[in-house]
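S.K.: mind looking at a prediction? Sequence and model below.
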Amino acid sequence: MKYVIWTVTFALCTSVWANAQTIADVARRERAKRQEPPRPRIATIEIVGKPAPPPEPPKDSAGTTAQPSASGAAAPSSNAADAVAATETKQDSRDETWWRKEFEKKRTDLRRGENQVAVAQLEVNAANRDFLTRSFDPDGRGPAAISAANAKLEAAQKYVDDARAALAQLEEDLRRSGAPAGWAR
């Protein structure tokens, strides 16, 4: 009987040992399964570069191209037209990266404000709980803490409202500039 048990134990141990895999073998097989073909590179404005627009000739107040005078100088234009042209070139110089960065800033401000509202609400709840569970408050610290927490909550809510208004204004500016709406994402 002892001989049979030893034989069975020996057979089991050698079969497990013969079929054992090393971690390196398993890692190689997994790496081969996961190996993907390289993704094609997509040409974007950042990679290729945005070509510079050709310079435009100056325009007079009537919107026509100014003709040089006999002295070689362009005809004078009004200050209002210059201001409009300056704001148009400022608007035109805003590219996709500028718009995306601005939207990211505004959204970050909004998230920061929403987090401040949540924290202020927790502080109001804690102040109320402390006041209601305290059996003796001769100094009036409870109502003072509650009013301070409520003031902080109102300030945080005002900050969120301002951040939402700024984000809406930026969306309106993007729409008016004629840029693609996808730049707001």
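M.R.: Looks like it came in fine.
S.K.: check which helix or strand covers residue 10.
M.R.: helix 2-18 (DSSP states H and E).
S.K.: hey, where'd the helices end up in this protein?
M.R.: Using DSSP state H, the helices of the chain run over 2-18, 23-34, 45-48, 79-92, 96-133, 141-177.
S.K.: quick check: which of these is nearest to residue 183?
M.R.: Closest approach to residue 183 among the helices of the chain (C-beta to C-beta): helix 96-133, 4.2 Å. In short, each C-beta sits where N, CA and C put it, glycine included.
S.K.: packing partners for that closest one?
M.R.: helix 141-177 (3 or more C-beta pairs under 8 Å, 6 or more residues apart in numbering; DSSP states H and E).
S.K.: tilt between the helix it packs on and helix 96-133?
M.R.: Inter-element angle recorded for helix 141-177 and helix 96-133: 160 degrees (by axes from the mean of the first three to the mean of the last three C-alpha atoms, to 10 degrees).
S.K.: list the buried ones in helix 141-177?
M.R.: By 16 or more other C-beta atoms under 10 Å, the buried positions in helix 141-177 come out as 142, 145-146, 149, 152-153, 156-157, 159-160, 163, 167, 170, 174.
S.K.: quick one on the thing from earlier: can you give me the mean pLDDT across the helix holding residue 10?
M.R.: For helix 2-18, mean pLDDT is 72.
S.K.: from the buried residues of helix 141-177, pick the one nearest residue 133.
M.R.: Looking across the buried residues of helix 141-177 and measuring by C-beta to C-beta, the closest to residue 133 is residue 142, at 9.8 Å.
S.K.: quick one: contacts of stretch 167-185?
M.R.: Outside stretch 167-185, the residues that touch it by C-beta atoms under 8 Å, 6 or more residues apart in numbering are 91, 94, 96, 99, 100, 102, 103, 106, 107, 110.
S.K.: state the distance from the last one to residue 167.
M.R.: Relative to residue 167, residue 110 is positioned 6 Å away (C-beta to C-beta, to the nearest Å).
S.K.: for stretch 142-151, C-alpha coordinates in PDB please.
M.R.: Extracted as PDB, the C-alpha positions of stretch 142-151 are listed here (Å, rounded to 0.1, in the frame of the first residue of the first chain):
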ATOM      1  CA  GLY A 142     -24.200  78.700  17.900                       C
ATOM      2  CA  PRO A 143     -26.200  81.400  16.000                       C
ATOM      3  CA  ALA A 144     -23.000  83.300  15.200                       C
ATOM      4  CA  ALA A 145     -21.400  80.100  13.700                       C
ATOM      5  CA  ILE A 146     -24.600  79.400  11.700                       C
ATOM      6  CA  SER A 147     -24.800  83.000  10.300                       C
ATOM      7  CA  ALA A 148     -21.100  82.900   9.400                       C
ATOM      8  CA  ALA A 149     -21.500  79.500   7.600                       C
ATOM      9  CA  ASN A 150     -24.600  80.900   5.800                       C
ATOM     10  CA  ALA A 151     -22.600  83.900   4.600                       C
END
